[in-house]
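Q: take a look and give me a structure for this.
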Amino acid sequence: MENKSREYDLHLEKLKLKDTINIINEEILNSISYRKSITNEIVNYRKKFIEEYRDDEDAVIEYFDHERYVQEEAFRKADKKLRELNILKYSPYFGSITFEDKEFKDTDKYYIGRFGVTPDGYSEPLIVDWRAPVSSLFYAGTLGDHSYEVPNGKIEVDLNGRRQYIIKKGELSGMFDSAIDVKDEILQMVLGNNANDKLKDIVMTIQKEQDEIIRQPRFSTTVVNGVAGSGKTTIALHRVAYLLYNYRKQLEDKLLILGPNSIFMEYISSVLPSLGESGGVKQKTFRDFAMEYVDSNLNIVPFNYEIESVLNGNDKAIKEIKYKGSSDFTEELNKLIDEMEKEYFNVENLMFNGEILISKEEIEKLINIEYKSMPLFRRGAKVKRILYNKIKYKRDDEFRVIEKKYRDKKESMDSKQLAVEENNLEFSRKLEIRELVRKVLEAKTSLVYLEGKSIENIYNEFNNNKPILNDDLAAIIYLKIKLQGIKVKEELKHIVIDEAQDYSPLQFLVIKGLTSCNSFTIVGDVNQRLIKKEQIAPMMNLDSIFEENDINFFSLNKSYRSTREIMEYANKFINNSDIVPLVRNGEKVHKENFDNMKELILSIKNMVEDMKEDGLESIAIICRNKNIMDKIATPIKETLAVKVLDHEDMIYIGGTVLIPSYFAKGLEFDGVIMVDNNETNLEDLIKYVMSTRALHRLCHYNISL
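A: Residues are numbered from 1 along each chain as shown. Here you go, the predicted model:
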């Protein structure tokens with residue numbers, strides 16, 4: 001009976017799928033027709049308008065800026081809907097939920113898909129978007145009592161059914177009823193696939209703990225400390241898609257993602273478009289973000305040089321970076337600011353024509369009391385404007401006296417005297433006015449002490465003119481915030497910070513101070529700090545930095561990326577026994593030591609070919625540092641088709657790559673060959689980072705150089 005019931009359910013689901021695809025195809029035709037009508041209307045109106053106003057350039061510019069915005073926005077939305085429908089026609093949904101509303105006792109069944117579809121005339125959605133509030137029930141973890149949030153409050157329900165579907169090319173090839181969590185069969189199937197060359201969306205396999213993070217309240221700071229392979233980057237991107245879906249008007253074009261380097265930013269670039277969010281999100285590295293606010297002529301050390309000096313054991317560089325990533329460094333900057341507050345302005349009486357126009361005491365009162373709340377340099381500029389106005393009023397008074405003086409003289413003369421003296425009087429009047437202008441310039445020049453010096457110059461002096469590091473950029477901007485009160489050029493309402501374990505307290509302070517943003521998603525893995533700057537990673541101690549924010553901390557200890565064998569091998573390099581690998585078995589990690597470069601190159605070549613024969617598509621040869629990479633790059637390229645990623649502005653497009661450890665952070669590959677020269681049984685975060693990039697196979701080669 002159970003098998004017959006199952007067959008009947010499968011039959012009904014196949015009919016449902018067929019009907020859904022038919023409706024989607026009808027919607028596609030309707031969307032094409034609608035989009036065509038909008039296109040024709042825009043083209044015809046433009047043609048008519050431009051012909052009518054061909055000689056009025058301002059009118060044409062105004063038209064393109066404003067007049068047809070509404071219809072062109074309608075075209076954009078229609079085009080977006082059409083793209084979504086064309087995706088859905090091959091796989092309309094991946095799950096369904098059945099539940100009873102406890103208040104109204106109604107039983108509903110909703111199908112959950114990548115995008116939502118509600119055809120004209122439908123009172124209920126044909127497909128519910130995975131980001132909709134009700135879809136949270138699909139990711140709830142168990143059946144039974146649950147609730148979901150709507151604008152008017154909370155809906156209490158009894159979730160009595162959850163089903164997952166495998167749909168390929170419009171055909172239903174499998175379905176699972178999930179009573180506990182996303183079915184292992186589907187999760188294993190997805191995780192067992194090759195990485196290809198891009199990060200993928202996970203809407204089919206979002207786990208309960210991941211969904212909770214994605215759906216955190218908009219006005220909160222969500223901090224995720226997730227082990228390698230826990231999906232933290234993907235979760236952050238899905239959270240962006242979720243926020244845009246639910247708060248598009250408030251957030252569109254006001255979101256920023258900060259990533260570690262350009263290779264990583266390009267790597268994650270396809271996730272948001274696959275979720276229907278192709279625009280409106282800015283993506284930058286912290287350095288790119290910071291450079292918008294500092295002098296571009298600064299002598300800035302490239303990031304790879306900075307990190308290479310650490311990997312090569314440069315104690316002086318390590319000490320410098322650790323110090324500038326510490327709270328002590330921030331305190332030193334605060335001391336500098338306090339000292340400048342006390343003694344920066346060398347106040348003196350404002351003199352005009354040998355007399356005191358504004359006393360020193362009055363100026364000090366303006367600086368230290370009236371405008372005390374303003375940043376120092378902005379305060380100086382404000383007081384300077386006030387004193388300029390005082391000078392202007394004095395100038396106008398003096399000018400009126402001069403004008404009256406010569407007007408009275410002229411009026412006291414008869415016509416003959418005036419004819420004789422008028423030129424002399426005019427010459428004398430001009431001399432007095434010129435003298436007045438000189439006094440004004442002299443008074444204004446005396447206020448030069450109220451002008452703020454270049455922050456870059458102040459910092460260079462403070463930094464003993466050493467080369468500028470990443471943390472120095474943060475320090476310069478911190479001084480600009482405190483002394484000049486600078487703010488972001490464009491409003492930001494939500495900021496994602498990825499690989500946040502490497503951020504210093506100062507970088508967090510700068511991002512917060514520049515943007516005044518109250519909504520953050522901050523993800524990282526404290527196990528992957530290439531440089532341990534403090535005992536506790538600042539990302540885990542944000543309460544003191546984001547004081548007024550509602551901060552929610554989450555830990556993700558389950559790794560979905562790598563096989564059990566790879567994770568167990570990687571865990572040997574860190575002091576963390578909490579990492580739980582998903583039970584996905586694979587090949588044992590191959591480890592080998594070399595003291596001969598030719599043998600190493602041959603083994604790498606053979607291993608790459610072996611991985612390719614096993615069907616692995618993306619393969620990375622990850623070197624501990626650039627020194628090792630440079631030594632093997634030329635002979636490797638002579639034997640293999642490999643792309644060398646040695647600059648952060650390069651793009652990873654799949655295949656076989658040669659890459660240093662610090663550029664591989666956040667990336668994942670089907671197969672990884674680690675090449676190291678540091679044979680040790682001690683804690684080694686670099687080895688942990690390199691080994692956890694692998695999904696299916698890992699090989700560890702150690703070379704004595």
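Q: show me the contacts for the closest residue in space to Thr692 that isn't next to it in sequence.
A: Among residues not flanking Thr692 along the chain, Ala228 sits closest, at 3.5 Å (Cβ to Cβ, 6 or more residues apart in numbering). (C-beta placed from N, C-alpha, C; glycine too.) Taking Cβ atoms under 8 Å, 6 or more residues apart in numbering, we find Ala228 in contact with Asp525, Asn527, Gln528, Ser559, Arg561, Ser562, Ala570, Tyr688, Val689, Thr692.
Q: wait, which of those residues is closest to Glu609?
A: When those are compared for distance to Glu609 (Cβ to Cβ), Ser562 wins out at 22.0 Å.
Q: what about the closest one, how many residues nearby?
A: When neighbours are counted by other Cβ atoms under 10 Å, Ser562 registers 28.
Q: just checking, it touches Gly229?
A: Yes - here Ser562 reaches Gly229: they are 5.4 Å apart, a contact under Cβ atoms under 8 Å.
Q: who touches both of the two?
A: By Cβ under 8 Å, 6+ apart, the residues touching both Ser562 and Gly229 are Thr692.
Q: roughly how far apart are the residue most central in space within the chain and Ile213?
A: Central residue of the chain (Cα atoms, centre = their mean): Ile257, 1.2 Å from the mean position. Going from Ile257 to Ile213 by Cβ to Cβ, to the nearest Å gives 16 Å.
Q: returning to what we had before: measure the residue nearest to Thr692 to Asn557 for me?
A: Relative to Asn557, and taking Cβ to Cβ, Ala228 is found at 11 Å.
Q: just send the contacts of Ala228 back as CSV, with secondary structure too.
A: Shown next, in CSV, are those (DSSP: H, G, I helix; E, B strand; the rest coil):
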residue, secondary structure
Asp525, coil
Asn527, helix
Gln528, helix
Ser559, strand
Arg561, coil
Ser562, coil
Ala570, helix
Tyr688, helix
Val689, helix
Thr692, coil
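Q: the stretch 401-550 of the chain: helices as residue ranges?
A: Secondary structure of the stretch 401-550 of the chain (DSSP state H, counting those that start in this stretch): helices at 415-445, 455-462, 470-484, 505-515.
Q: just put the ones you listed in CSV and tack on mean pLDDT and distance to Ile659.
A: Formatted as CSV, those follow (pLDDT from 0 to 100; distance: least, Cβ to Cβ, whole Å):
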stretch, mean pLDDT, distance to Ile659
helix 415-445, 92, 58
helix 455-462, 94, 33
helix 470-484, 94, 20
helix 505-515, 94, 25
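Q: out of those helices, which gets nearest to Ala132?
A: Nearest of the helices of the stretch 401-550 of the chain (Cβ to Cβ): helix 505-515, 28.9 Å.
Q: so what does the biggest helix by length in the chain touch, helix or strand wise?
A: Scanning the chain for the longest helix, with DSSP state H as the assignment, gives helix 2-52. Counting contacts by 3 or more Cβ pairs under 8 Å, 6 or more residues apart in numbering; DSSP states H and E, helix 2-52 packs against helix 69-88, strand 153-168, strand 171-177.
Q: which helices and strands sit right next to the first one?
A: In this case it means helix 69-88. Helix 69-88 sits against helix 2-52, with contacts defined as 3+ Cβ pairs under 8 Å, 6+ apart.
Q: give me that answer again for 10 Å
A: helix 2-52, strand 107-113 (3 or more Cβ pairs under 10 Å, 6 or more residues apart in numbering; DSSP states H and E).
Q: tilt between that helix and strand 107-113?
A: With axes from the mean of the first three to the mean of the last three Cα atoms, to 10 degrees applied, the angle from helix 69-88 to strand 107-113 works out at 90 degrees.
Q: just give me how far helix 69-88 sits from the chain centre.
A: Counting by Cα atoms, centre = their mean, to the nearest Å, helix 69-88 is centred 26 Å from the centre of its parent chain.
Q: one more: stretch 352-359?
A: That offset, for stretch 352-359, works out to 54 Å (Cα atoms, centre = their mean).
Q: what about that stretch, how long is it end to end?
A: One end of stretch 352-359 sits 11 Å from the other (Cα to Cα, to the nearest Å).
Q: before we move on, the earlier item: could you dump the contacts of Ala228 to JSON lines with pLDDT and distance to Lys643?
A: Listed next are the contacts of Ala228 as JSON lines, based on pLDDT from 0 to 100; distance: Cβ to Cβ, whole Å:
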{"residue": "Asp525", "pLDDT": "92", "distance to Lys643": "26"}
{"residue": "Asn527", "pLDDT": "86", "distance to Lys643": "28"}
{"residue": "Gln528", "pLDDT": "86", "distance to Lys643": "24"}
{"residue": "Ser559", "pLDDT": "84", "distance to Lys643": "27"}
{"residue": "Arg561", "pLDDT": "85", "distance to Lys643": "22"}
{"residue": "Ser562", "pLDDT": "88", "distance to Lys643": "23"}
{"residue": "Ala570", "pLDDT": "90", "distance to Lys643": "25"}
{"residue": "Tyr688", "pLDDT": "91", "distance to Lys643": "25"}
{"residue": "Val689", "pLDDT": "91", "distance to Lys643": "20"}
{"residue": "Thr692", "pLDDT": "93", "distance to Lys643": "22"}
